[in-house]
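Participant: Build me a model:
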Amino acid sequence: MVDELGSVSGPIARPGARTPGEPVHGSRRTGAAASGPGSGVVFAVLGPLEVWRGPGERVRIDQRKKRALLLTLLLHAGRWTSVEEMLLALWQDEPPRSAFGNIKTYLSELRHTLPTSPGDSAVPASIRAVGPRAAVLRRPAGPGRIESRPGEYRLVVAPDEIDVIRFEQAVERGRVAARAGAPAQAAELFEQALGWWRGSAFDELPAEVGGAESLRLEEARWAAREALIDARLALGEHDQVLPALRALTVEYPTRERLWAQLLVALERSGRRAEALREYRVLYQRLVTELGIEPGAELRRVHQQVLDPEPGWSRSSRGPAGTPAPLNRQ
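Facilitator: Predicted coordinates for the structure are as follows:
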């Protein structure tokens, strides 16, 4: 039900529905703030692995082992990856006798397949005739994207060529905008960040290889969702966010941050009694089923619903025109 977030702000474009790097359509503004670079290479790992040379130019990497190997290199993008880590990613605890040779073959094929780095035009090309009158086949003969040293390999990739970095940079810009009292710009940037997600990150890798990074990125994704809802609340769009919040609290009943946002949205929509009823139901569930009480932030929001401060109830902004965030610490 995570796609319910689309009902917060309208449809959120995703790389699966557009070429990575193209503008996120449906946002409130256009231009550089609403889009990433309009062209260039993108390695997309926030969902099934995709590689793009540019808008509309997708690189096909179909073989499962080769995809896992590239994902392992992307997991350590710009850093050295040991052969042992590759063995674990491709075969876990049962590599075949041919494992080392297979890895070299996969790496060689990836060198020929992956788009070259910017400014890498000096890489020489090998020329091989494929028939008496056939055209010649030209392929990079140098290291290309993948460098090597004894027992280790490294993928050469610029930060803005990875969707993870683009996601994180957009989130950070959104947080800066939110702190500066620009909720509309913040919402747009959070939408842009979330638009890079197409599924689970690094889910084609075994858990012992990609699990920790996948969990870290999923938490970052949740934080971006919640920040987007905060921005929409600061814009006064309380009624618009309610459908998404109701769906999310049903599917993820232990995420207290969502419940705090739901209470705020209900109270500011003039449904104070309903907000208090939702809190009582949640309180009973937490105490009865989990043996815990609500956290400090949720208790604070509940108290504000019970006894709202001047300017807080049904208000989208603080006295100085800045967003009224849930967490005032």
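Participant: which stretches of the stretch 201-329 of the chain aren't confidently modelled?
Facilitator: Within the stretch 201-329 of the chain, the segments meeting pLDDT under 70 span 309-329.
Participant: which residue ranges form the helices in it?
Facilitator: Assigned by DSSP state H, counting those that start in this stretch, the stretch 201-329 of the chain shows helices spanning 207-234, 238-251, 256-268, 272-285, 296-306.
Participant: looking at those, which is buried most?
Facilitator: Of all those, helix 256-268 has the most neighbours on average by mean count of other CB atoms under 10 Å, namely a mean of 24. C-betas here are computed from N, CA, C, even on glycine.
Participant: elements contacting that one?
Facilitator: helix 207-234, helix 238-251, helix 272-285, helix 296-306 (3 or more CB pairs under 8 Å, 6 or more residues apart in numbering; DSSP states H and E).
Participant: what does the domain assignment say about the protein?
Facilitator: As assigned by automatic domain parsing, the chain contains the domains 1-121+138-235, 237-329.
Participant: Which of those domains has the highest mean neighbour count?
Facilitator: For the domains of the chain, the highest mean count by mean count of other CB under 10 Å goes to domain 1-121+138-235, at a mean of 18.
Participant: re earlier: please tabulate the helices of the stretch 201-329 of the chain in JSON lines, including the columns distance to residue 181.
Facilitator: Below are the helices of the stretch 201-329 of the chain laid out as JSON lines (distance: least, CB to CB, whole Å):
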{"stretch": "helix 207-234", "distance to residue 181": "9"}
{"stretch": "helix 238-251", "distance to residue 181": "19"}
{"stretch": "helix 256-268", "distance to residue 181": "18"}
{"stretch": "helix 272-285", "distance to residue 181": "26"}
{"stretch": "helix 296-306", "distance to residue 181": "20"}
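Participant: Adding distance to residue 82, write the helices and strands packed on helix 256-268 out as TSV.
Facilitator: TSV is the format used below for these (distance: least, CB to CB, whole Å):
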stretch	distance to residue 82
helix 207-234	12
helix 238-251	39
helix 272-285	46
helix 296-306	42
